[in-house]
Every structure is written in structure tokens, then in C-alpha cells.
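A.B. asks: build me a structure from this.
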Amino acid sequence: MASSEPDRYGSPSAFAPPPPRLPRWPLLIMFGLVPLWWLAGAFYLIWPLFGAVLLALLIVRGRVPLPPATGIWLLFLTLVLLSATQLPTPVSLLPFGLRLGYYVTALVVGVYVYVYARERGDVPGALVPLCMFWFGLVVLGWLGVLAPRFELTTLMEILLPGGVAHHPYIQDLVHVSAAEWSKLSLSPIYRPTAPFPYTNNYGGAYAMTLPCVVAYTMLCRRGILRWALMVSLPLSLVPAFLTLNRVMFASLGAGLAVLGVRAALRGNVRVGASVIGVIIIGGLTTLLIPVADMINSRVEASDTNTDRFSLYAEVIRRMWDSPWLGYGAPVTVDTVTAEVPVGTQGQLWTVLFSHGVPALLCFLAWFVVAAVKTARARSAPGQWLAVIPIICMVQIPFYGMADPTITIAYYGVAVAMALTEREAGARRASPERPVRSPTVVTG
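C.D. replies: Predicted structure coming up:
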């Protein structure tokens, strides 16, 4: 008689019906329709609501296996919630609630994707919503290239009460524009941003999503989606390069370096060839777009470095007055040269200033554990997905992630963890057989 106890992988007993499988359509709506949400001015505001829908589906399903390091993130969320006691005014509750919603949504999406990929064994299918997001990123990036002055008063901006819509933070989220540029400059440099309000978010999301797209093309040998992605990869380089995001280039460089070293140590020719291919395509793009010269010109014409360092110094100075729970949110002060609040210009500084040292340690620990867990991947797609935590850790000191980009990171890492576990299970079952890509689909 079969045992009534769950097996080591959490399979249901012989006497209990299996839990219902999670559908993919909520992820397709959430990620695949981002251009629509952006045009409506609802991208940032509706994101936590999608998280609530996914959470409801997980609760209805029941018996949800959690990905590794979930406990660390739950502790981080607890500390963030406690830091609300440090908020200076009730007005700060709205942006605080949004940021908390993004952190919670990231966890919910990660768990949902992890369960979906784990129980169905369909890693390429799990990546499809993120590939659809990639198409939106490329198309809207080209909008920023071809029509950089495009902006729109959105439906959400009209519907929100005036006091809310004109809050500086909310205004950035609901009033959409295709690119950032200096309106005081006689010869401005246009840097694509859409569907995000800031170009750094675009660069960060691009760097996180690229490994997922490459992994999908490796998992699928044929199909319309695969060839569409293959065409989109070189097309994506123009808007990505024109963001002039130094940290985007640095994080991708670090990811490719780690990927190349692992491929060399493991003798994985396929991974090594893919890394060389990406580097060659990127190098050819620099012949058309003088990125280095454009970045140098921008840095010389602005005070971005000075402003950043003054903000970082102010965070360190103020941290000692509230090290355990921080200040609840970034604050605007007149003691720095930058026009943006203290506790911005980098997720590390946002968490440290807003939520305290323990919260920062939990935040960083999750990415470290994710990097260690996913580094065990042996297949070429798995190794590409495994560099997502590396890319994120390079970005954390410089780019903010208290927005939908943290969900993209969690999504990619969740797929990587599910794939790594499947590969480990295959090795235990057949220790003498090499690990291959787990699924090859045709559509």
C-alpha cells in the first residue's frame, strides 16, 4: 500500500487528491500586457494588485512548497513593516505602502513561478510571460529612441485625487514619458525609460531579463517565439545602449564574466560560445553607437557622481541615529547637493536608510543564498539563469529596486531554483548520465 505521508519532494499522499495546478494566464496578463498598463498610467499602481491575485490562487491551491531562502525574505518584510513606526508624517504612508507592496509582490510572484515550474516541469513555459515582458521592453525602448519627447497624461493620472496625483513620487509613476533628458540642455541626450519612470530602472530590468531570454532560446530549438526573441536580441541593444547606464553595463559584464569562468571550469562549450556571441554582438553595436564617448560627455556635463556620493555620505551619517529600523522612507533635506531625497540612488541605501541595518542584512542575504543555490546548475540554460543574482548584487548599491524590477529579479531566480532542483534530482536518479536541458518545446 502506498504511504499516506508526503514524499521527500512534497508530493501528495495516495489518499489525498493532488492540489490543482496553477494557471499561467495571470502571469501572462501581468507581464505580457505591461505596455498597456504603462499607457494607462497603472503599471506601478496595479502591480501589487496582481500580486494579490496570485496570492489568492496560491491560497486556494494549498500545500505550497516554498523556494529556498523564503524565510529570509519574510524576516525582511517583517522588519520593513516595523520600520513604518518611524515614518515622519501620515502622508508618507502611501509611498511606503507601495514599496512594501512591491516587496510582497516579488515574494508572491517568486513562489508562484517556482511552484508552476516545479510541478509542471515546464521551464520554457514558465519563462514565456517574462519573454513577453521583454518584447514590451524592447518596443517601448524603441519608442524612447524614435519619439523621445513622447509623454502622456494618463487615465490613472486623471482619475486619482489631485492631492495624490500631484505627490512628486506618484506623479512620476502615473505621468508617462518615453525618455529622460535635460530640458535645460541645448543638445540634450535622450535616454529611453519606458515603461519605467527612470532610465536606471530600464537598464536594471534589461540586464535582469536578458539571461532569461537567452535561456529560453536554449531550451527551445524551434518555434515562432524563439525566432522572434532571436530577432529582438540585437534590436534590443540600441535602446539599452542609449540609456547610458554605466551600472547596467557593469552588471552585465560581471554576469558574463562569472558565466564564462564557470563554463571554462566545467568545460561547457555551449555556454562559452553563447557568452562569446553576446560579447561580439555588443562590441559591434559600439561601432555604431559611441557609448563610451556619450557616457563621458554626460558625466562631464553633470554632477551625478558628486550628488550620489553626497547622498551616500548623508545616509551613513544619519544611520547611527536610527540603525535598527531606519526612518521608514527616504527624506528630503537641504544638507546635500542632490535634488533627490536621502535614501535613494541605490537599493542598498534605500533599505539601510528606510528600514535599518538588520533589514539590509536580510535583503543582501537573500541574494547571496540565491546565488549559491543557483550556481549548482549544470545545463546551459540553468547557468545563464544562475547569473541573475550576480547581476542584481552589482546593481544593488547604485540602482533602486523598490518597484516592479524586484519582481523581475525574483521571477528569474525562482525559475533558476526550480530548474536547478530538477537537474539535481536527475543527477541523483542517474548519476552517470550528463544533465541536459530539461525540456525542448516546439512552440
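
A.B. asks: quick one: mean pLDDT for the helix or strand encompassing residue 139?
C.D. replies: Assigned by DSSP states H and E, residue 139 falls within helix 123-146. Over the span of helix 123-146, the pLDDT mean works out to 97.

A.B. asks: which is the next helix or strand following it?
C.D. replies: Assigned by DSSP H and E, the successor of helix 123-146 is strand 151-153.

A.B. asks: could you list the residues in contact with the next helix or strand after that next one?
C.D. replies: On the C-terminal side of strand 151-153, the closest following helix or strand by DSSP H and E is helix 155-159. Applying CB atoms under 8 Å, 6 or more residues apart in numbering, the external contacts of helix 155-159 come out as 40, 41, 42, 45, 165, 171, 174, 175. The way it works is simple: take the backbone N, C-alpha and C, and place the C-beta from them, glycine included.

A.B. asks: other SSEs contacting the helix holding residue 139?
C.D. replies: Contacts defined by 3 or more CB pairs under 8 Å, 6 or more residues apart in numbering; DSSP states H and E place helix 123-146 against helix 25-32, helix 34-39, helix 93-120, strand 191-192, helix 199-219, helix 224-242, helix 405-429.

A.B. asks: for it, buried residues please.
C.D. replies: Buried residues in helix 123-146, defined by neighbour count with 16 or more other CB atoms under 10 Å: 123-144.

A.B. asks: stretch 177-193 too?
C.D. replies: For stretch 177-193, burial by neighbour count (16+ other CB under 10 Å) applies to 177, 178, 179, 180, 181, 189, 190, 191, 192, 193.

A.B. asks: okay, now the unreliable bits of the chain?
C.D. replies: 1-16, 299-305, 333-339, 431-443 (pLDDT under 70).

A.B. asks: pull the contacting residues for the nearest residue to residue 341 once chain neighbours are set aside.
C.D. replies: The shortest distance from residue 341 to any non-neighbouring residue, by CB to CB, 6 or more residues apart in numbering, is to residue 330 (3.8 Å). Contacts for residue 330 (CB under 8 Å, 6+ apart) come out as 341, 342, 343, 344, 350, 353, 354.

A.B. asks: and which of those is nearest to residue 268?
C.D. replies: residue 350 (36.6 Å; CB to CB).

A.B. asks: who touches that closest one in this structure?
C.D. replies: Contacts of residue 350 (CB under 8 Å, 6+ apart): 330, 343, 344, 400, 402.

A.B. asks: next, the third one: secondary structure please.
C.D. replies: Here residue 344 is coil, with the state taken from DSSP: H, G, I helix; E, B strand; the rest coil.

A.B. asks: how near is it to residue 237?
C.D. replies: In this view, residue 344 and residue 237 are 28 Å apart by CB to CB, to the nearest Å.

A.B. asks: residue 118 and residue 353, how far apart?
C.D. replies: 36 Å.

A.B. asks: let me fix that, I meant to ask about residue 98.
C.D. replies: Taken as CB to CB, the span from residue 98 to residue 353 is 17 Å.

A.B. asks: okay, these two: which has more neighbours?
C.D. replies: More crowded of residue 98 and residue 353, by other CB atoms under 10 Å: residue 353, with 28 against 18.

A.B. asks: please, which helix or strand holds the more buried one?
C.D. replies: Judged by DSSP H and E, residue 353 forms part of helix 347-355.

A.B. asks: what angle sits between the helix or strand that that helix is followed by and helix 405-429?
C.D. replies: Using DSSP H and E, the helix or strand that follows helix 347-355 towards the C-terminus is helix 357-374. Put simply, helix 357-374 runs at 40 degrees to helix 405-429, going by axes from the mean of the first three to the mean of the last three CA atoms, to 10 degrees.

A.B. asks: contacts only, for the residue lying closest to residue 375 once chain neighbours are set aside.
C.D. replies: Leaving out its chain neighbours, the residue that sits closest to residue 375 by CB to CB, 6+ apart is residue 386, at 5.5 Å. Residue 386 makes contact with 262, 371, 374, 375, 377, 416, 420, according to CB under 8 Å, 6+ apart.

A.B. asks: all helices for the stretch 251-400 of the chain, in order.
C.D. replies: With DSSP state H, counting those that start in this stretch as the criterion, the stretch 251-400 of the chain has helices at 269-288, 291-300, 304-319, 347-355, 357-374, 380-385, 388-395.

A.B. asks: just the CA atoms of the shortest one, as PDB, please.
C.D. replies: Below are the C-alpha coordinates for helix 380-385, written out as PDB (Å, rounded to 0.1, in the frame of the first residue of the first chain):
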ATOM      1  CA  ALA A 380      23.500  25.800 -20.300                       C
ATOM      2  CA  PRO A 381      20.000  27.500 -19.700                       C
ATOM      3  CA  GLY A 382      20.500  26.900 -15.900                       C
ATOM      4  CA  GLN A 383      23.900  28.500 -15.900                       C
ATOM      5  CA  TRP A 384      22.500  31.600 -17.700                       C
ATOM      6  CA  LEU A 385      19.700  31.900 -15.200                       C
END
